[in-house]
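[1] Please find the sequence and the predicted model below.
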Amino acid sequence: MSKIINVLDGGFGGQLSRHVGVKIDGDPLWTARFLATNPTAVYDTHMDFLRAGADIIETNTYQASIPGFMKYLNMSSTESLNLLLTAVHLAKKAANDYSQEKGLCPESKPKVVGSCGPYGAYLHDISEYTGAYGKTMSRKELYDWHRPRFKALLDAGVDLLAFETIPCVEEAEALLDLLKEFSEARAWLSFSCRDDCHISDGSVFKEVALRCYHTLPSQIVAVGVNCVDPKYVTPLLQSINPSLEKKQIPLVVYPNRGDCFTIGEQAVASDDLLNLPISDWLDLGVRYLGGCCKIFAEDIKTIRSEVNQWLCSQGKNYTI
């Protein structure tokens, strides 16, 4: 990525709900069902975030998988694979259309990142916030489940992969091993965390994140956290980059809205203004910054503005 700071999109489910007018949370496919039932709404959601100032949008594939589509949409494996390709097509179309709308040069065109949620999201039992399955699944089982989605997203031309809301050491290590099979691919790795020190399975965030980054630095562009309460973010980041003077590991952060967030609760707009210590996070080495659950397009607009202010205060151009 050529940007000094990349602003990401926000919580896809909450923003999508504005277009479809129905309850999304609670569905075993979550937003991915709308790839089949309302692709126009998926496209419109991408456009919302782009118009709010996102440099990067993620494909609507967090809770998408070939087994999931086969089970819950009664699709064949080929049809399920094609639906993953549709997700990339919709995101790329939005990026292209927005670029034309704004008259952007090719270098400024928004990037499309392939969202790869954890196996726990497929289980639909909130285990992406516990990681309990990491102790019972074999490495091969994790490989076999993730590989088809990896390949489909990369073959369809995403710019990057997002390994997100990863709750356990075992899955993080499996993802890194699998990424080695796709030597030209790059990804960020972000964890779900239970507090300001530990990822969801109880492992120490600092130890796991540093080990993962140093295992594959040529392919992992950043490590960090997502769908975590903002109050935990600063200490988590400081554990990775404790000194502002030392060379920093690139970080990725996209928190949820905080105390108002309840797992399984339908995302609705909050009257509370988004109040994140964005400049502090950028000082700590965050290079990919956006939002997760209950972070809407108007919040991404706020983040965009604060990132621009920080860049100006640093005397840096927007691109390098």
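    Structure's in. What do you need? Not measured: the values here are computed from a predicted model.

[2] Could I get the full set of strands for the stretch 201-320 of the chain?
    For the stretch 201-320 of the chain, applying DSSP state E, counting those that start in this stretch gives strands covering 220-226, 251-254, 286-289.

[3] name the helices or strands packed onto the one helix or strand Gly68 maps to?
    Assessed by DSSP states H and E, Gly68 sits inside helix 66-72. In this structure, helix 66-72 makes packing contacts with helix 77-102, helix 139-155, judged by 3 or more Cβ pairs under 8 Å, 6 or more residues apart in numbering; DSSP states H and E. In short, each C-beta sits where N, CA and C put it, glycine included.

[4] Thr37 is nearest to which of those?
    Smallest distance to Thr37 across the helices and strands packed on helix 66-72 (Cβ to Cβ): 10.8 Å, for helix 77-102.

[5] what about that closest one, distance to the chain center?
    In terms of Cα atoms, centre = their mean, to the nearest Å, the centre of helix 77-102 is found 17 Å from the chain centre.

[6] which parts of it are buried?
    Across helix 77-102, burial judged by 16 or more other Cβ atoms under 10 Å covers 80-81, 83-84, 86-92, 94-95, 98-99.

[7] likewise stretch 168-185?
    Neighbour counts over stretch 168-185 (16+ other Cβ under 10 Å) mark 168-176, 178-179, 182, 185 as buried.

[8] Stretch 32-41 too?
    Using 16+ other Cβ under 10 Å as the burial criterion, the residues of stretch 32-41 that qualify are 32-36, 39, 41.

[9] Could you do stretch 249-260 as well?
    By neighbour count with 16+ other Cβ under 10 Å, stretch 249-260 contains the buried residues 249-258.

[10] now what about that stretch, what contacts it?
    Residues from elsewhere that reach stretch 249-260, judged by Cβ atoms under 8 Å, 6 or more residues apart in numbering: 8, 10-11, 188, 190, 210, 213, 221-231, 233, 237, 240-241, 270, 272, 274, 276, 281, 284-295.

[11] same check, this time on stretch 115-135
    For stretch 115-135, using Cβ under 8 Å, 6+ apart, the contacting residues are 28, 30, 58-63, 65, 67-68, 137, 142, 145-146, 149-150, 153, 161-171, 175, 187, 192, 194, 199-201, 263-264.

[12] Low-confidence stretches in the stretch 201-320 of the chain?
    For the stretch 201-320 of the chain, the stretches flagged by pLDDT under 70 are 245, 259-272, 316-320.

[13] swap the cut-off to 80 and go again
    The stretch 201-320 of the chain contains residues with pLDDT under 80 at 243-246, 259-273, 315-320.

[14] who's in contact with the residue nearest to Ser239 when sequence neighbours are not counted?
    Of all residues not flanking Ser239 in the chain, Lys206 sits nearest, at 3.9 Å (Cβ to Cβ, 6 or more residues apart in numbering). For Lys206, the contact set (Cβ under 8 Å, 6+ apart) comprises 197, 239-240.

[15] thinking again about what came up before, now render the strands of the stretch 201-320 of the chain as TSV, adding distance to Leu73.
    Listed next are these as TSV, based on distance: least, Cβ to Cβ, whole Å:
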stretch	distance to Leu73
strand 220-226	26
strand 251-254	28
strand 286-289	31
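
[16] quick one: Trp281 from Glu298, how far?
    Going from Trp281 to Glu298 by Cβ to Cβ, to the nearest Å gives 20 Å.

[17] Those two: which has the busier surroundings?
    Trp281 (22 against 14; other Cβ atoms under 10 Å).

[18] Just list the residues touching the more buried one, thanks.
    For Trp281, the contact set (Cβ under 8 Å, 6+ apart) comprises 233-234, 237, 251, 253, 289.
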